[in-house]
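Chemist: can't give you the sequence, but here's the structure:
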């Protein structure tokens, strides 16, 4: 739930300037947006199967496609990208972005595509088993 707070500053520098602060009120809505443990690699691989992109783009795309159900922690993302690159599932190079900044752009390798297929099949098997259990009636 987004809450907007309105207040007026009255200091000698800014005489009665109106400021708006928007923030998420976590006390009122504590919906968990953590990525499910053990799925970050699969989410990154799937995201990069769509197109090569930089780390910030990967995080935003995951949030966008999951409709903000999952938020990716920057530190976790960087660690995962390094691990996936060491495993040979990603390649990367430095490029200049549309904002004229240098960013490391990641892309999926053939080995990464095979790993994505394997992790996707495993996830589908496990999630189907969980769904069967949740639907079970006595």
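Modeler: Yep, that arrived. Quick caveat: nothing in here was measured; it's all calculated off a predicted structure. Residues are numbered from 1 along each chain as shown.
Chemist: low-scoring stretches of this structure, by residue?
Modeler: 1-30 (pLDDT under 70).
Chemist: same thing but at 90, please
Modeler: 1-38, 97-99, 138 (pLDDT under 90).
Chemist: quick one, helices of it?
Modeler: 40-50, 55-65, 74-86, 110-135 (DSSP state H).
Chemist: distance of the closest residue to residue 48 other than its chain neighbours relative to residue 36?
Modeler: Take residue 48 and drop its neighbours on the chain: the residue closest to it by CB to CB, 6 or more residues apart in numbering is residue 108, 4.5 Å away. Every residue, glycine included, has its C-beta placed from N, CA and C. Distance check for residue 108 against residue 36: by CB to CB, to the nearest Å, it reads 21 Å.
Chemist: show me which of those two is the more surrounded one.
Modeler: More neighbours surround residue 108 than the other of residue 108 and residue 36, with 23 against 13 (other CB atoms under 10 Å).
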